[in-house]
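Participant: Sequence and predicted model, in that order:
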Amino acid sequence: MSESVIVAPDKGARLLVVDDDAAFNKVLCRVLGQRGFETVGALDGAEALRLAEDFAPAYVVLDLNIGGQSGLRLIEPLRELCPKARIVMLTGYASIATAVDAVKLGAVQYLAKPADADSIVRALCDGQAAHEVELGEDAPMPVDRLEWEHLQRVLNEHDGNISATARALKMHRRSLQRKLARGPGSA
């Protein structure tokens, strides 16, 4: 099976990476730079807004948790500074509520970490002419799969106890059991 990568629709397309983890930010900038983007990284909200104004990115990768504050609060100011920018939210703490909030505020996609570079580029360029240079099917995680993964994570945190998990998720125990029984991707 041949390998390939997804690259930017336009070589040199400007991309802003906003993540407070300096090492992750640097690696993501480097990897996305290798995919054809011109990248800059911001480690906090103030730096992100300053760079957005100066750099005028066409794309933004935004972490949900930036220095203990919600990255959601940056979506509107980023949209004001760069109204046509395509914003993708990344998070290690995926939830349906934050996914819905991110999209309502103007993000085009919401991806759970770890997300590979191809998934990020696909999410950034969805509906645009991203160039696929021979790669398999690593599409961004659908919301129903994301929900199921989150349920599994919380269930694991509560040692498999359905009642405790349902309380933590603020949902009815039977509803949780039905969702878990259906599995990911089921309506």
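Facilitator: Great, that's in hand. Residues are numbered from 1 along each chain as shown.
Participant: what ranges do the strands span in the chain?
Facilitator: With DSSP state E as the criterion, the chain has strands at 5-7, 13-18, 37-42, 59-63, 65-66, 69-70, 86-91, 107-112, 131-133.
Participant: CSV for the ones you listed, including mean pLDDT?
Facilitator: Shown next, in CSV, are these (pLDDT from 0 to 100):
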stretch, mean pLDDT
strand 5-7, 68
strand 13-18, 94
strand 37-42, 95
strand 59-63, 94
strand 65-66, 89
strand 69-70, 88
strand 86-91, 91
strand 107-112, 88
strand 131-133, 42
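Participant: Let me know which of those strands is the nearest to residue 150.
Facilitator: Residue 150 lies closest, by CB to CB, to one member of the strands of the chain: strand 107-112, at 8.3 Å. From N, CA and C alone the C-beta is placed, and that goes for glycine too.
Participant: Paired strands for that closest one, with orientation please.
Facilitator: Paired with strand 107-112 in the same sheet, following DSSP bridges, are strand 86-91 (parallel).
Participant: And for the partner strand, what's in contact with it?
Facilitator: Strand 86-91 is contacted by residues 19, 58-65, 71-72, 75, 78-79, 98-99, 102, 106-113, 115, 120, 123-125 when judged by CB atoms under 8 Å, 6 or more residues apart in numbering.
Participant: Quick one: buried ones out of those residues?
Facilitator: 19, 58-65, 71-72, 75, 78-79, 98-99, 102, 106-112, 115, 120, 123-125 (16 or more other CB atoms under 10 Å).
Participant: so what's residue 75 up against?
Facilitator: Per CB under 8 Å, 6+ apart, neighbours of residue 75: 62, 87, 89, 102, 105, 106, 107.
Participant: Let's have these in TSV, adding distance to residue 171.
Facilitator: Output for the contacts of residue 75, formatted as TSV (distance: CB to CB, whole Å):
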residue	distance to residue 171
62	28
87	29
89	23
102	21
105	24
106	28
107	25
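Participant: which among the residues you listed gets closest to residue 166?
Facilitator: residue 102 (24.9 Å).
Participant: For residue 90, see how far away that closest one is.
Facilitator: From residue 102 across to residue 90, the span is 10 Å (CB to CB, to the nearest Å).
Participant: on that earlier part again, identify, from the contacts of residue 75, the entry nearest to residue 175.
Facilitator: residue 102 (23.7 Å).
Participant: got a pLDDT number for the closest one?
Facilitator: Per-residue confidence (pLDDT) for residue 102: 86.
Participant: ok, now which ones touch it?
Facilitator: Applying CB under 8 Å, 6+ apart, the residues contacting residue 102 are 64, 72, 75, 89, 110.
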